[in-house]
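Enquirer: Need coordinates for the below:
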Amino acid sequence: MAATGGRTDACDQSDADGIGTPVPGVDNQRYPLGEPGSERWRAAVSAARADLAADGCTVLRGFIRSDLIETLRTEGVALAPHAYYAVERVNAYNIPLDTELPAGHPGRMVLERGNAFVARDLIPAEALVHRLYTHPRFQQFIADCFGLDTLHEYTDPLAGLCLNVVAPGMSHPWHFDTNEFTVSMLTQEPESGGTFEYCPNIRSRTAENFDDVHAVLRDEGDQLVRKLELRPGDLQLFQGRFSLHRVAPVGGAVQRHSVIFAYSDIPGVIGTAERSRQLFGRVTPEHLAAAAVRGDGLLD
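Expert: Model prediction:
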């Protein structure tokens, strides 16, 4: 299945990995990904790091060139019918609902997840988002923003790169991410609703802070929640391992589409078989064979 949507010559000519060469689709006037280590690169990285240090999230507005926003949208629209659509009963940790947990534990609260995912193995290699995800300059820039020497593509054969589809009337309920560093981009905005909401650093590597999580899940933690309006082509860098977050219910008649570029600071991260079943409706041999690789001891 090939994604639709034309691509300009300038975009096609930007695939080379040489220093000074633009990165596919990126507004290189605003974000000089072809000039690693330059003064403009350092300024963009510094601004992103300041936001991440403040609340675990930064948004690089207008990251994709304006003339390619429609390409971004049409590629997503072509992929959306291939998403795994199923309304699931889940919890914020995406662990089995029958997991033995003490009374009052937030993991015992059941949520309804109505969003859908297109897995990486269904996204064509020539799609703009796939070319961006695997591009060394893009990866280097993201690593610099997170203050890391390097980033590793998510090893999970389904979840490394995916399209998140939220249909009207549906939502992606409160949850934590498996991978510590999440990079995402809205590709189609809904007519209404679909706001990204998050609780900056509500937990840490060493503290789950179950009371705060429970308060948010009970709609009693408004002071912990921030709301973020996103536009197509905005690049969001987010520490979703530590920040509880959700996409609020979508209204109107248009789906909300966003691409998730999953990276990790350690190699070999693969989601659990349970999470893969929830998100994609299937499990690969890699999921069954892999031991959980995490950089912390948190509940997943």
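
Enquirer: all contacts plus neighbour counts: C-alpha atoms, from now on.
Expert: Will do.

Enquirer: Tell me the bridge partners for the nearest residue to residue 172 once chain neighbours are set aside.
Expert: Among residues not flanking residue 172 along the chain, residue 247 sits closest, at 4.9 Å (CA to CA, 6 or more residues apart in numbering). Beta-bridge pairing for residue 247 (DSSP bridges): residue 172, residue 196.

Enquirer: pLDDT weak spots in the stretch 201-300 of the chain?
Expert: By pLDDT under 70, the weakly predicted segments of the stretch 201-300 of the chain are 291-295.

Enquirer: do the stretch 1-150 of the chain as well
Expert: 1-20.

Enquirer: hey, where'd the strands end up in it?
Expert: Remark: strands assigned in the stretch 1-150 of the chain by DSSP state E, counting those that start in this stretch are 57-60, 88-90, 111-113, 116-118.

Enquirer: mind listing the helices for the stretch 51-200 of the chain?
Expert: Using DSSP state H, counting those that start in this stretch, the helices found in the stretch 51-200 of the chain span residues 69-79, 128-133, 136-145.

Enquirer: can you redo those helices as a markdown table with distance to residue 29 and mean neighbour count?
Expert: Formatted as a markdown table, the helices of the stretch 51-200 of the chain follow (distance: least, CA to CA, whole Å; neighbours: other CA atoms under 10 Å):
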| stretch | distance to residue 29 | mean neighbour count |
| --- | --- | --- |
| helix 69-79 | 16 | 21 |
| helix 128-133 | 17 | 20 |
| helix 136-145 | 15 | 20 |
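
Enquirer: Okay, residue 31 and residue 131: tell me how far apart.
Expert: 17 Å (CA to CA, to the nearest Å).

Enquirer: neighbours around residue 67, how many?
Expert: Residues near residue 67, counting by other CA atoms under 10 Å, number 12.

Enquirer: any idea which element the residue positioned nearest the centre of the chain lies in?
Expert: Per CA atoms, centre = their mean, the C-alpha nearest to the average position across the chain is that of residue 260, at 3.4 Å. Assigned by DSSP states H and E, residue 260 belongs to strand 256-264.

Enquirer: Please name the strands paired to that strand in the sheet, noting orientation.
Expert: When pairs are called by DSSP bridges, strand 256-264 turns out to pair with strand 152-153 (antiparallel), strand 161-166 (antiparallel), strand 181-188 (antiparallel).

Enquirer: Can you show me the CA trace of the very next helix or strand once past that strand as PDB?
Expert: Downstream of strand 256-264, the next assigned helix or strand under DSSP H and E is helix 273-280. Once non-C-alpha atoms are left out, helix 273-280 reads as follows in PDB (Å, rounded to 0.1, in the frame of the first residue of the first chain):
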ATOM      1  CA  ALA A 273       2.900  -8.300  24.100                       C
ATOM      2  CA  GLU A 274      -0.100  -6.900  26.100                       C
ATOM      3  CA  ARG A 275       0.400  -3.400  24.800                       C
ATOM      4  CA  SER A 276       1.000  -4.600  21.300                       C
ATOM      5  CA  ARG A 277      -2.300  -6.500  21.300                       C
ATOM      6  CA  GLN A 278      -4.100  -3.400  22.700                       C
ATOM      7  CA  LEU A 279      -2.700  -0.900  20.100                       C
ATOM      8  CA  PHE A 280      -2.300  -3.000  17.000                       C
END
